Structure formats: C-alpha cells, structure tokens
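J.: just a sequence and a predicted model for now, questions to come.
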Amino acid sequence: MRQGSPAKYLYIVGRGHSGSTIFSMLMNESGNVASEGEIVIGFRPGYEDKRCANGELFSASPFWTKVKSAFERRTNGSFAEGVRFLNQRAYCLHVPGQLLTTSDSRAVREEKRLIEALYDSIAEASDRPVVLDSSKELSVAIFLLRYVPEAKLIHFVRSPFGVADSYVKRVKAAKTFHLFRIRFQVERYYFVPMVTSAMLWSVESLVCELLRLLYPKRVITVHYEDLCAQPIALLERLETFTGLSLTGAKAAAAERRVMQSGHALSANRLMRGEQIAFSPKQGLTRHLTRFDKAIVALCTFPMAMAYGYFGRRALKPSVVMRQLPQ
C-alpha cells in the first residue's frame, strides 16, 4: 500500500563512496524522476567552467540554461547568487543551526524559497515531476525534513569497510583528503582520513536513524548491499515509500541495460563514462590491511552490528557498475 501522496523531492543522505552514483542513475531510468547527481553540492565555486556528466560544458548546456531561466523567473533573482547561498548552507557546521532555527527565521524562509525554486526548475527543464538530489549533506536533509513537507529522504548505507576501502583508494591516488571543506595533503599515511571517515559513518548513521524514528513516513534506510543482491525488491520498497512508479528503473536493473548519464554537474569518473550498466559482482575490500579493518570495526561497531555488517550483509556484492567496452 502506498504511503499517501507521491513525493515531490527526494534527497539521498549518507556518506560518500557508498554507491549512490549507480543508485541515482538507476532512479533516473524510471522516467518520472530527474536525477541530476549532487545538485546543491555540485554548485561549488568554479562550477560554470565544469563539464556535466554528458560532456557538455555547464555554461553551454541547453538543460542548465533552461534551469537557470526557470529559476530566475521563479525567484526574480540571480541564479549564481541563489545556488551560491544554497551551497554555503549545505555544510556540516550548519547542522546545529538547522536543528535550532524556527520557520519564521529569515534565513530559513530564504533557503526554502531558493531550494524549492531550484528543484522545481530542474523538474520543469527535464519534464519530470520528481527531482532526486544525491548531495548527501546532513544539514540539507534536516532542513528538508523540518521545512519542506513535500520532501522525502533516502538514507543510503554501505558497509563501513566498503566505504573506507573506496575512500582510502581515492586518498592514495590523489594524495589529498578534505575535512570540513579544508584540503589536506597526505603522502604515505592515510590513517587519519580513514579513521575520520569511519567515525563520521557512525555519527551520520546514528543521526539518520534518529530522524527515521522522528519522521517514519518521510525517511527510509536502504542498503547498497541489498541493491546488489535484490535490486527489484529494493526498488519495490521505494515505490511504496515514494508513491512513485519505478518500472523503468526495475527494467534497467533486470536487463542490465546501459543507462543514461544525464546532466549531473558533480559527476564522478564512472558517471562520465559513455556506457554504464548495472552489473552486480562479488568483491571484497582491496585497499585495507587487517589492522585497518580492525580500526574501522572499532570506530563503527555499534551501528555496523545493528545493520548486519558483521553478519548477514558482511559478504554481499560490493561492485555494482561497470563501464562497457567501446
């Protein structure tokens, strides 16, 4: 049975490196969800000169030109100033403020006006009724729950070992990591970013579960491992939760067909690939030593145990997309 009226805005909350890219691309295949990657977070300084997932330059993209025009028509203001304000508000240090402010606050009214205008403009430009934002920032998630009743949250969770493994791989390759939007160099030792990632996984998981208890009809927790093992069942759960038909997404998962990358501004390397298919494969952590795994387990034990990551989900598939050969 569907839970009330369909959602107008969907927001993914959780940690990076959790597999939300393939999930958002899969949702985009439904035909009625505009999934354009990390929307609010994508508007970092310099976004005008970046390329979208489909290879178009943002400033020359017909899609984003339509979004900009629709946004400025709705707000009677500058698109650049509006998205800069939203991006600045999407910051973890704003979490306490989002919990304590009231609806009559000037900042709250302005953020609500701008974020609804942005999402509605994307829906208009894509000709789809629902917008999915995979920015994953907790501050935005709390704001949407408190002040935007048409929004629903998808708490997307992956094993802390898988998240740490993917994160360590990126840190080793880039030799940098970011903490509270500050960039740090790292040459050989990745212990600090690994521990930080694991601890944030625990804190955010706990907060999201508390939000689910407070807003049971507007927050759902889904697991990356379940998407790998039983994608159709998971999408059917989301149909019930969102009140939307996800027939196209279920077909894309069942047929392992090539998915469209869309116009995401914050696209990662895989999203920028020309041919990406849903393709579950067995896989284990490759970049963590036994000591690393012990530290991650120590930092995440209570929530990881509650989620079954020392039990039924411990050895589930951990790679769910592949780039097809040209």
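T.: Thanks, I have it.
J.: which stretches in the stretch 1-150 of the chain count as helices?
T.: In the stretch 1-150 of the chain, the helices defined using DSSP state H, counting those that start in this stretch lie at 20-28, 39-42, 62-75, 79-89, 95-100, 106-126, 138-147.
J.: tell me which of those helices is the most buried.
T.: Counting by mean count of other Cβ atoms under 10 Å, helix 20-28 has the highest mean neighbour count of those, with a mean of 25. Where C-beta positions appear, they are placed from N, C-alpha and C, glycine not excepted.
J.: and that helix, how far out from the chain middle?
T.: What separates the centre of helix 20-28 from the centre of its chain is 9 Å, taken as Cα atoms, centre = their mean, to the nearest Å.
J.: the strands in this structure, which residues?
T.: Assigned by DSSP state E, the chain shows strands spanning 9-13, 33-35, 130-136, 151-157, 176-179, 182-185, 219-223, 258-259, 276-281, 319-323.
J.: so what's residue 78 closest to, chain neighbours aside?
T.: Sequence neighbours aside, residue 72 is the residue nearest to residue 78 in space, at 7.0 Å (criterion: Cβ to Cβ, 6 or more residues apart in numbering).
J.: re the thing from before, least confident of the helices of the stretch 1-150 of the chain, on average?
T.: In terms of average pLDDT, helix 95-100 trails the rest of the helices of the stretch 1-150 of the chain, at a mean of 82.
J.: going by neighbour count, list what's buried in the longest helix seen in the chain.
T.: Using DSSP state H, we find that the single longest helix of the chain is helix 191-214. Neighbour-count burial for helix 191-214 flags 193-195, 197-198, 200-202, 204-205, 207-209, 211-212 (criterion: 16 or more other Cβ atoms under 10 Å).
J.: what is the nearest of those residues to residue 111?
T.: Using Cβ to Cβ, residue 211 is the member of the buried residues of helix 191-214 that lies nearest residue 111, at 18.1 Å.
J.: from memory that closest one sits against residue 138, does it?
T.: No - assessed by Cβ atoms under 8 Å, residue 211 is found out of contact with residue 138, at 9.0 Å.
J.: for residue 41, find the nearest of the strands of the chain.
T.: Evaluated over those, closeness to residue 41 peaks at strand 130-136, with 4.2 Å, by Cβ to Cβ.
J.: for the closest one, packing partners?
T.: With contacts taken as 3 or more Cβ pairs under 8 Å, 6 or more residues apart in numbering; DSSP states H and E, strand 130-136 sits against strand 9-13, helix 20-28, strand 33-35, helix 39-42, helix 106-126.
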